[in-house]
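Q: here's a sequence, model it:
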Amino acid sequence: MITPVLDPSLSTPLYEQLYRQIRRDIESGVLPAGEKLPSKRALSAHLKVSVVTVEGAYGQLLAEGYLRSEPKRGFFVSSLEPTAPPPVTSTTRREEPPTAPTASVPRYDFATNAVDAAHFPFATWAKLMRQVLTKEDSGLLSAIHPQGVPALRSAIVDYLREFRGIDAQPDQVVVGAGSEYLTGILFQLLGREGGYAVENPGYRKFGRILSRQGALICPIPLDEQGLRVDALTWSGARVVHVTPSHHFPLGTVMPVTRRRELLAWAAAGEGRYIIEDDYDSEFRFSGRPIPALQSLDAGERVVYLNTFAKSLAPSLRIGYMVLPPHLAERYRREFLLYSSTVPSFEQYTLARFLEGGHFERHIARMRVEYRDRKAALTACAKELGLHARLSGADAGLHMLLTLENGMGEDELVARAAEEGVAVYPLSASWLTPPPEELPPTLIMGYARLEAEDIRQAFRRLKAAWGSR
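A: Now for the predicted structure:
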């Protein structure tokens, strides 16, 4: 039986120590593919720790794809070798995806581009703003470094090292006014040659921004593990945009096997890069957040992209990217002519918010709040009937609601709108015509709605969808 050495005196939780040691043994080959691990109870008795400790470690390893679970058989080590891909299907390109239907301002809105503003820590933020005004004084009126205030870049690096497993330096960080601005800078930095691959279905805005700048957009199909690397290779694209920790909108968490396969694709060609969009990685509701793809990158091929839109507020317009060292050097050599697009006042305030641990506490509170809303959405979907089912619940702030009551997506959206409820069709996330066999599915963001609002909204949805 495996015997990891756990040290209760360390600040690292026991379940995380166990997870890291088993993961290291799998990656080094000490635990080969197919090896059966002890049951949770057997290992907890052997190590003299609680079952909860082992359950936490196994759960994280399952989520990352290092283990697989077989009903009534137990836990087995997953193969880290790429599996044979299915045949590549057509990826006919279409520049403009369909847009979701619009209507008057709804009473209940399941949009994915909003957060709960009522729980924003206004008092703490105001206190920090006053501190910044006192300390920085007239310095707030001076020009700042084009990459962002050094204090903020240092705070971001510390946070990423602790919570996303990213080992970077402040001079690799570029702060900008949201992902749209940073995407434009990235396009200039990486160049247009070879095309840009995007997930299909996926986050439409990234491809639309790049296509406006003249990039060739290559939609890449997905399977149950995320973006298909065989189709990526076939496309001839040189840069790929992915959401591996929580795919938008399907909710897929890319396992380590596929992540390694993606990194191997990048290493196999000159000038290939992966843009990792980690848009809502803070909101995982079981275990620690999945380590970032960038944390596995030994070849300087991953650009890490994130914002504070989901974790704090979209209106702050503060995003950042972590460039590989050689790209960061080139950025400083060629792009420092661009002024910082985020006011220094907000940057200094956010730096203090991160340094003081306020961000971590805010995220912890919001996880509890959002967990309640997720539970309300899950319960309402079960009570809805109409052959409704939810998916994509492992992480993030939205789920997919699939219905088979004889209505298509357009009709479901229209009837909901008549009842004052805004829902959004999954088909709008495709850059090519979606497969005909897919059942009608809606993207249900729950961040802006209180649990009781979700229940009220579903009462209306039941009335809207209950009959034709």
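Q: for the rest of this, base every contact and every neighbour count on C-alpha atoms.
A: OK.
Q: so what are the domain limits for the chain?
A: If you go by automatic domain parsing, the domain ranges for the chain are 14-77, 108-116+361-465, 119-356.
Q: give the rounded mean pLDDT of the last one.
A: Predicted confidence along domain 119-356 averages 92 (mean pLDDT).
Q: now do the end-to-end distance for it.
A: 18 Å (C-alpha to C-alpha, to the nearest Å).
Q: also the shortest one?
A: Taking C-alpha to C-alpha as the measure, domain 14-77 stretches 21 Å from start to finish.
Q: dump the domains of the chain into JSON lines; add distance to Pro4 and mean neighbour count as well.
A: As requested, these are exported to JSON lines (distance: least, C-alpha to C-alpha, whole Å; neighbours: other C-alpha atoms under 10 Å):
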{"stretch": "domain 14-77", "distance to Pro4": "7", "mean neighbour count": "17"}
{"stretch": "domain 108-116+361-465", "distance to Pro4": "28", "mean neighbour count": "19"}
{"stretch": "domain 119-356", "distance to Pro4": "19", "mean neighbour count": "19"}
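Q: closest one to Met1 among the ones you listed?
A: Across these, the minimum distance to Met1, taken as C-alpha to C-alpha, is reached by domain 14-77, at 7.0 Å.
Q: now the element after the helix or strand where Leu327 lies, going C-ward?
A: When secondary structure is defined using DSSP states H and E, the element that contains Leu327 is helix 325-334. Tracing the chain past helix 325-334, the next element assigned as helix or strand by DSSP H and E is helix 344-355.
Q: outside of that following helix, which residues touch it?
A: Where contact means C-alpha atoms under 8 Å, 6 or more residues apart in numbering, the residues beyond helix 344-355 that reach it are 125, 128-129, 132-133, 140, 144, 148-149, 151-153, 155-156, 159, 359-360.
Q: equivalent analysis for stretch 305-317, please.
A: 113-115, 117, 120, 176-179, 275-280, 282, 318-322, 342, 363.
Q: in strands, which of those residues appear?
A: Counting by DSSP state E, the members of the contacts of stretch 305-317 that fall within strands are Gly176, Ile275, Glu276, Asp277, Gly319, Tyr320, Met321, Val322.
Q: pull the contacting residues for the fifth one.
A: Translated: Gly319. For Gly319, the contacting residues are Val175, Gly176, Ala177, Gly178, Ser179, Leu182, Leu305, Asn306, Thr307, Phe308, Ala309, by C-alpha under 8 Å, 6+ apart.
Q: nearest to Pro32, of the residues you listed?
A: Relative to Pro32, the closest of these is Leu305; by C-alpha to C-alpha it sits at 33.6 Å.
Q: are we agreed that the closest one is in a strand?
A: Yes. The assignment for Leu305 is a strand, going by DSSP: H, G, I helix; E, B strand; the rest coil.
Q: skipping its backbone neighbours, what lies nearest it in space?
A: Met321 (4.4 Å; C-alpha to C-alpha, 6 or more residues apart in numbering).
Q: need the contact list for the one you found.
A: Met321 makes contact with Val173, Val174, Val175, Leu182, Val303, Tyr304, Leu305, Asn306, according to C-alpha under 8 Å, 6+ apart.
Q: which element is the fourth one on?
A: It refers to Leu182. Using DSSP H and E, Leu182 sits within helix 178-190.
Q: what's the angle from that helix to helix 325-334?
A: Counting by axes from the mean of the first three to the mean of the last three C-alpha atoms, to 10 degrees, helix 178-190 points 90 degrees away from the direction of helix 325-334.
Q: tell me what helix 178-190 is packed against?
A: For helix 178-190, the contact count by 3 or more C-alpha pairs under 8 Å, 6 or more residues apart in numbering; DSSP states H and E identifies helix 204-212, strand 302-307, strand 319-322 as packing neighbours.
Q: switch the cut-off to 10 Å
A: Secondary-structure packing of helix 178-190 (3 or more C-alpha pairs under 10 Å, 6 or more residues apart in numbering; DSSP states H and E): strand 173-176, helix 204-212, strand 273-277, strand 302-307, strand 319-322, helix 325-334.
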